[in-house]
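Undergrad: show me the folded form of this:
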Amino acid sequence: MRDKQVYIAIADTAKSSGVDPIVMGTHGMGLIERLLVGSQTQRVLVHTSIAVLTMR
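TA: Predicted coordinates:
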């Protein structure tokens with residue numbers, strides 16, 4: 001898993017484990033921080049067909 005991006009590892013692990021839904025927290029970053037740093041939760045949402053529940 002070390003060679004993969006975090007969001008890919010989360011999505012792959014959830015899929016292979018039969019997880020539904022994926023539950024992820026958000027840090028409540030503002031727009032600028034999110035654009036500069038990115039969001040693992042956002043990337044998981046985009047890269048998986050499994051339902052993702054986000055909590056703040």
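
Undergrad: list the beta-bridge partners for residue 22.
TA: With DSSP bridges applied, residue 22 shows beta-bridge pairing to residue 52.

Undergrad: quick check: the gap between residue 20 and residue 55.
TA: Distance, residue 20 to residue 55, by CB to CB, to the nearest Å: 16 Å. All C-beta atoms are positioned from the backbone trio N, CA, C, and that covers glycine.

Undergrad: just residue 48 next, same as before
TA: Taking CB to CB as the measure, residue 48 falls 17 Å from residue 55.

Undergrad: which one's more surrounded, those two?
TA: Using other CB atoms under 10 Å, the more surrounded residue of residue 48 and residue 55 is residue 48, with 19 against 8.

Undergrad: how about the secondary structure of the closest residue to the more buried one other than its chain neighbours?
TA: Nearest non-adjacent residue to residue 48, counting by CB to CB, 6 or more residues apart in numbering: residue 11, 4.1 Å away. Secondary structure for residue 11, judged by DSSP: H, G, I helix; E, B strand; the rest coil, is helix.

Undergrad: give me the contact list for stretch 15-31.
TA: Residues from elsewhere that reach stretch 15-31 (CB atoms under 8 Å, 6 or more residues apart in numbering): 10-11, 13-14, 37, 39-41, 44, 48, 50-56.

Undergrad: lowest-pLDDT helix or strand in the protein?
TA: helix 31-37 (a mean of 68; mean pLDDT, DSSP states H and E).

Undergrad: number of nearby residues for residue 53?
TA: Residue 53 - counted by other CB under 10 Å - has 9 other residues nearby.

Undergrad: how much space between residue 51 and residue 21?
TA: Going from residue 51 to residue 21 by CB to CB gives 4 Å.
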